[in-house]
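In: Build the 3D model from these lines:
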Amino acid sequence: MSTAAERALVGVVIPIRSFTDAKARLAVDLPGATRGAFVQLLAERVVAAAGRMPVVIVTQSPEVAIWAEKQGLTVVVDSGGGLSEAATLGRDFFADQEFERVIVAHGDLPFCEELSSLGFDQPAARVLLAPCHRTDGTNICSVPARAAFEFSYGPGSFARHKAEVERLGLELEVVTRDDLAFDVDTPEDLANYNARKSS
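Out: So this is what the prediction gives:
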């Protein structure tokens with residue numbers, strides 16, 4: 001990363017509720033500790049995609065906090081208000097340190113390649129959104145750190161986040177990269193993941 005890029009001060013927020021208790025819909029295919037190890041593997045892929053950008057993990061889980069600290073990552077304690085509040089806590093952490101931009105990334109993107117292009121060299125008033133492969137959820141939000149952007153995760157979040165960009169009068173860029181769109185939430189997603197890994 002160049003010195004100019006480092007001066008841009010872009011941070012990455014990854015909210016992670018848990019490893020062992022996450023992805024309950026995958027329990028039949030990935031029981032117990034196997035599922036926890038899988039969820040951790042996905043999170044490690046997203047952390048690696050952050051490159052040299054500072055990463056904050058927002059969590060209430062002691063196991064996730066221990067893992068993050070071993071990786072040299074900063075931990076912000078989740079207040080338990082859900083994903084939208086966790087994203088806000090992470091964004092505010094970086095805004096308080098005068099970062100210019102924050103990338104909020106889901107921790108379940110198994111093919112995520114890099115995140116830096118979503119942060120550096122972006123106009124100050126631009127928001128970048130990467131929808132999930134169902135074009136329903138929002139896997140990535142890259143927002144100006146001090147914008148009053150209200151995160152609204154859950155079913156239909158992509159449409160709500162687009163509306164939020166319009167409400168704030170900001171510029172929107174929709175990012176349609178397969179490595180950012182594909183997440184693993186359902187047994188069908190897991191089957192597709194395994195097929196892609198073995199091909």
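
In: Where does pLDDT dip in this structure?
Out: Applying pLDDT under 70 to the chain picks out residues 1-8.

In: just checking, what packs against the longest helix belonging to the chain?
Out: Secondary structure assigned by DSSP state H gives helix 32-49 as the longest helix of the chain. On a contact count with 3 or more Cβ pairs under 8 Å, 6 or more residues apart in numbering; DSSP states H and E, helix 32-49 meets strand 10-15, helix 62-70. In short, each C-beta sits where N, CA and C put it, glycine included.

In: From the chain's centroid, how far away is the longest one?
Out: What that stands for is helix 62-70. Relative to its parent chain, helix 62-70 has a centroid offset of 17 Å by Cα atoms, centre = their mean, to the nearest Å.

In: Not counting its neighbours along the chain, what's nearest residue 153?
Out: If the residues on either side of it in the chain are set aside, residue 153 comes closest to residue 83, at 4.1 Å by Cβ to Cβ, 6 or more residues apart in numbering.

In: go on, residue 182?
Out: Once flanking residues are discounted, residue 182 sits nearest to residue 133: 5.2 Å by Cβ to Cβ, 6+ apart.

In: Who are the contact partners of the one you found?
Out: For residue 133, the contact set (Cβ atoms under 8 Å, 6 or more residues apart in numbering) comprises 178, 181-183.

In: Adding distance to residue 167 and mean neighbour count as columns, could you present the helices and strands packed on helix 32-49 in CSV?
Out: CSV is the format used below for those (distance: least, Cβ to Cβ, whole Å; neighbours: other Cβ atoms under 10 Å):
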stretch, distance to residue 167, mean neighbour count
strand 10-15, 21, 26
helix 62-70, 32, 16
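
In: related to what we said a few turns ago, give the contact list for the residue nearest to residue 153.
Out: For residue 83, the contact set (Cβ under 8 Å, 6+ apart) comprises 15, 17, 151, 153-154.

In: quick one: which two of those residues are the most distant?
Out: Pairwise distances among the contacts of residue 83 were taken by Cβ to Cβ; the largest, 15.0 Å, belongs to 17 and 151.

In: who's more crowded, the two?
Out: Neighbours per residue, other Cβ atoms under 10 Å: of residue 17 and residue 151, the larger number sits with residue 151, 22 against 19.

In: Go ahead and confirm that one touches residue 92.
Out: No. Using Cβ atoms under 8 Å, residue 151 makes no contact with residue 92, being 11.1 Å away.

In: Distance-wise, check the nearest residue to residue 51 once chain neighbours are set aside relative to residue 139.
Out: Spatially, and ignoring its direct neighbours in sequence, residue 51 is nearest to residue 116 (5.4 Å; Cβ to Cβ, 6+ apart). Computed with Cβ to Cβ, to the nearest Å, the distance linking residue 116 and residue 139 is 16 Å.
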